[in-house]
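[1] quick one: sequence plus predicted model below, questions after.
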Amino acid sequence: MIVIDDCSTDQGRGREIVREYLAKDPRISLICLEKNSGSSGARNSGIKVVRGEYLAFLDADDLWDKRFLEKQLLFMKQLNASIVFSSYRRIAEDSNEEILAPFIVPRQVDYHAILKSNSIFTSTVMLHTKKLGKHYFNQQLESLRDDYVYWLTLLREYVDYAHGNPEILATYRMRRDSVTAKKSKMIIPHWKVLRKNERLSLVRSLYYISCWAWISFWKYMK
């Protein structure tokens, strides 16, 4: 377990808790970044030092079920897959109240599918690093669509499909101040991904952003 402290604002309380566990289990390590690097920079810091065959991400405000790793590993082995992800609950930022119905993922997605709508939630993903190799997030994107571009790149360049586990194995805490909380703020960054990162034509970009807007509307309805 690699814990990344990306200049958290808790006056060091989180680091002290982690250090208590470091003393008990040598498999845990702590990396304290000197300057805030955003989600992409924090994840890259962990990817650089990871030595395991499997890689999974867990953001600070999200939760894994107790058997998340076990079940995702079994799911990956059953399908001989390189990328797996799972369904998840959606709860309020200040309670465990489910504010939306659980999001149930499709059985598999490819590059074209996630151009229409990204059903891969980063805190539910497991990657097989021996098959895929190590790949890093684009830090120039900071925390705007960096995870989305990561999945697009992997599905375009390295693997045909990512496989979705329909079982609900994680919980997404929906913060009111989250960058992705209001889809209206994401239109321009999403458009830039389609045009600049993926180099799609104007017509294809208009098609995919229309699909994304429509599907996102229903994704965040009760």
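    On my side now, so go ahead.
[2] could you chop this structure up by domain?
    Annotated domains of the chain cover 1-36, 52-182 [automatic domain parsing].
[3] average pLDDT for the first one?
    This means domain 1-36. The average pLDDT within domain 1-36 is 92.
[4] show me how far that domain is from its chain's centre.
    20 Å (Cα atoms, centre = their mean, to the nearest Å).
[5] with distance to residue 220 and mean neighbour count added, can I get the domains of the chain in a markdown table?
    In this view, the C-beta of every residue, glycine as well, is placed from N, C-alpha and C. Formatted as a markdown table, the domains of the chain follow (distance: least, Cβ to Cβ, whole Å; neighbours: other Cβ atoms under 10 Å):
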| stretch | distance to residue 220 | mean neighbour count |
| --- | --- | --- |
| domain 1-36 | 27 | 12 |
| domain 52-182 | 7 | 17 |
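[6] where does pLDDT dip in the chain?
    142-143, 176-184, 221-222 (pLDDT under 70).
[7] just give me the residue closest to the centre of it.
    Geometric centre of the chain, nearest residue: residue 122, 1.4 Å, by Cα atoms, centre = their mean.
[8] where does the closest residue to that residue other than its chain neighbours land in three-state SS?
    Spatial nearest neighbour of residue 122, chain neighbours left out: residue 147 (4.7 Å); criterion: Cβ to Cβ, 6 or more residues apart in numbering. Three-state call for residue 147 (DSSP: H, G, I helix; E, B strand; the rest coil): helix.
[9] now for residue 147: which residues touch it?
    Applying Cβ atoms under 8 Å, 6 or more residues apart in numbering to residue 147 gives the contacts 39, 40, 120, 122, 137.
[10] and it, how close does it get to residue 118?
    To residue 118, residue 147 is 8 Å away according to Cβ to Cβ, to the nearest Å.
[11] may I have the strands that pair with the lengthiest strand in the chain, each with its orientation?
    As assigned by DSSP state E, the longest strand anywhere in the chain is strand 162-174. Looking at strand 162-174 with DSSP bridges, its partner strands are strand 63-64 (antiparallel), strand 83-92 (parallel), strand 108-109 (antiparallel).
[12] output the contacting helices and strands for the very next helix or strand once past the first one.
    I take that to be strand 63-64. Using DSSP states H and E, the helix or strand that follows strand 63-64 towards the C-terminus is helix 68-79. Contact partners of helix 68-79 among helices and strands, from 3 or more Cβ pairs under 8 Å, 6 or more residues apart in numbering; DSSP states H and E: strand 54-56, strand 83-92, strand 126-128, strand 162-174.
[13] 6 Å instead, please
    Applying 3 or more Cβ pairs under 6 Å, 6 or more residues apart in numbering; DSSP states H and E, one finds that helix 68-79 contacts strand 83-92, strand 162-174.
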